[in-house]
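Engineer: Build me a model from this:
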Amino acid sequence: MHKIYLVSPYIEQKYTYPHLSLEYIKFYLMDFGYEVEIVDCTYYKSLEDVILKLNEDRKPIIGITAYTRERFHAYKLIKEAREKIPDSLIVVGGRHFSSLPEETLKELPMVDIVVRGEGEITFKEICDSVYDKTNIKGILGISFRSGAEIIHNPDRPLEPNIDKFRCFDKNHLPDSDKYSVGKDDNLRNATAFLVMAARGCPSRCVFCSLKTNKVRFRSIDNIIKEIEDKIEITGIRDVSFMDPSFTISKKFVTALCERIIEKNLNIKWVCYSRVDTDIELLRKMKKAGLIGVEVALESGSPRVLKAIKKRISLEQFERFCEAAYNLRLRLYAFCMISLPDEKLEDVDMTISIIKKMSKYVNTVSGLQVTRILPDASIYNIAKERNILPADFSWFKPYENQVDPRISSERYKNIPIYLEHLSTDDIISKVVEFEHVIRKELATFQSLKSALKRHFKIANIRKMSLRDVKDMAYKAFVMLGSAYRNKQKEKFLKSYD
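Structural biologist: A predicted model of the protein is given here:
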């Protein structure tokens, strides 16, 4: 019997939540009688140990997924698996490989099949073909080799009934030593469990890879059942809806909220939203237990918002922030820098609007530098505008040569979109933005977290006297801000 392994490659930072994409495929296969195991390489001492695990069967079916930041770990795993387990069937999928099927099969001859798009039905049909010894040529949504030729079968239509997919079963829980419910630090610092209510996002933001041609929703009964099961198992009543834009359908969200109220679930929950959401819907969500919402402003420049196809206005952002605050909702705003067409004066507009709306906003991310991903429109923009070198390849060794203050260790192998802003420009504006956050938005909780994060023994040993003085000054600024925001925190905590 062929063993089926779904593999997540090694990453520097361990996941604290289950791998939802792999869990969906696992349970779908289990529903058809297959035995499946998820292998998270991060929890193995070495790659050799992973290969030993995968080699428990002489002819395993190995499904490997990867985000772009994990790609080189995935490449290494694929090469090792092919060398040490020559009779295995190696199938790759996930956003990175799915967006580069031709390149994957050319650069990684060890790969047998690339799954494009959603993986549940496609991977199940691949497993069927192995067990039934039938040809894969009729399977939709895959790319493969036929001799020297690379074949791309037609795309698989999106499955309209996503209730048939699940990533959770109260009788088959993830390994509690590896995964757990986690803290929702941005909005409430509470322990919460994850729920996804829909698939896809209709927006066309150029930097994002989550867009889809059609958004599909789970049935209300299906979602409520998952929430009830997770409450029963964990005893937790805090929920984090992970949908990239939870509020895209007023009809759907209204129906879900009414059922939550009707069932008296007594949950407190957070979600992502767009700032063009109807305020009446926001009130309904509040009544159903909403306590915090995350919105992505990206830029305070109307010109840049148009360039990135955000389809929102600053007036909508201001209106949403004020309404959320008046409803006693915590609001987390996300902003970016070095977007297409963005210049220094545009960044100043972002800083200005955050400063203006700080009395309504609970938390704001630091300015996140724009990264180029192969499954986002910005990749083609970067190639057209010569942002990327002519010989750039996602399969060649790469490390962006920029100041580490704008490119964390975790993302150093992903190219940064640098058009009109220089590295020095970005650093300067990031510092200015962070000062605004410390001065306007600090709370005693955020001050405590900052001190805990920066004053670890390992960090202190690396600090110069100047570093210590700088940290002390920042802490002093945050302390003053925390005192000023004490009344706002008291007002927002009135939902507890």
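
Engineer: who are the neighbours in contact with residue 150?
Structural biologist: By Cβ atoms under 8 Å, 6 or more residues apart in numbering, residue 150 lies in contact with 102, 105, 106, 143, 144. To be clear about C-beta, it is placed using only N, CA and C from the backbone, and glycine gets the same treatment.

Engineer: tell me which element it falls in.
Structural biologist: In the assignment (DSSP states H and E), residue 150 maps to strand 149-152.

Engineer: wait, isn't residue 212 in contact with residue 199?
Structural biologist: Yes: Residue 212 is in contact with residue 199 according to Cβ atoms under 8 Å; the separation is 7.2 Å.

Engineer: Overlap of the contact sets of the two?
Structural biologist: Contacts common to residue 212 and residue 199, judged by Cβ under 8 Å, 6+ apart, are residue 158.

Engineer: These two - which one has more neighbours?
Structural biologist: residue 199 (20 against 15; other Cβ atoms under 10 Å).

Engineer: who's in contact with that one?
Structural biologist: 118, 158, 162, 212, 215, 216.

Engineer: ok, then the element right after the helix or strand of the chain with the lowest mean pLDDT?
Structural biologist: Sorting the helices and strands of the chain by mean pLDDT, DSSP states H and E puts strand 182-184 at the bottom, at a mean of 56. The helix or strand immediately downstream of strand 182-184 is strand 190-195, counting by DSSP H and E.

Engineer: Take the contacts of residue 150 and keep only those in strands.
Structural biologist: Counting by DSSP state E, the members of those that fall within strands are 143, 144.

Engineer: Please pick the buried ones from the contacts of residue 150.
Structural biologist: 105, 143, 144 (16 or more other Cβ atoms under 10 Å).

Engineer: so which of these comes closest to residue 397?
Structural biologist: residue 105 (19.9 Å; Cβ to Cβ).

Engineer: who touches the closest residue to residue 92 other than its chain neighbours in this structure?
Structural biologist: Counting by Cβ to Cβ, 6 or more residues apart in numbering, the nearest residue to residue 92 once its immediate chain neighbours are dropped is residue 64, at 5.0 Å. When contacts are counted by Cβ under 8 Å, 6+ apart, residue 64 is found next to 7, 9, 74, 77, 78, 81, 90, 91, 92, 93.

Engineer: So which of those sit within helices?
Structural biologist: 74, 77, 78, 81 (DSSP state H).

Engineer: Take the residues you listed and lay them out in CSV including distance to residue 441 and neighbour count.
Structural biologist: Putting the ones in helices among the contacts of residue 64 into CSV (distance: Cβ to Cβ, whole Å; neighbours: other Cβ atoms under 10 Å) gives the following:
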residue, distance to residue 441, neighbour count
74, 38, 25
77, 41, 25
78, 44, 23
81, 47, 24
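
Engineer: Throw those into TSV and include distance to residue 321, thanks.
Structural biologist: TSV is the format used below for the ones in helices among the contacts of residue 64 (distance: Cβ to Cβ, whole Å):
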residue	distance to residue 321
74	40
77	44
78	46
81	49
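
Engineer: Pick out whichever of the residues you listed sits closest to residue 333.
Structural biologist: Taking Cβ to Cβ as the measure, residue 333 lies nearest residue 74 of the ones in helices among the contacts of residue 64, at 32.9 Å.
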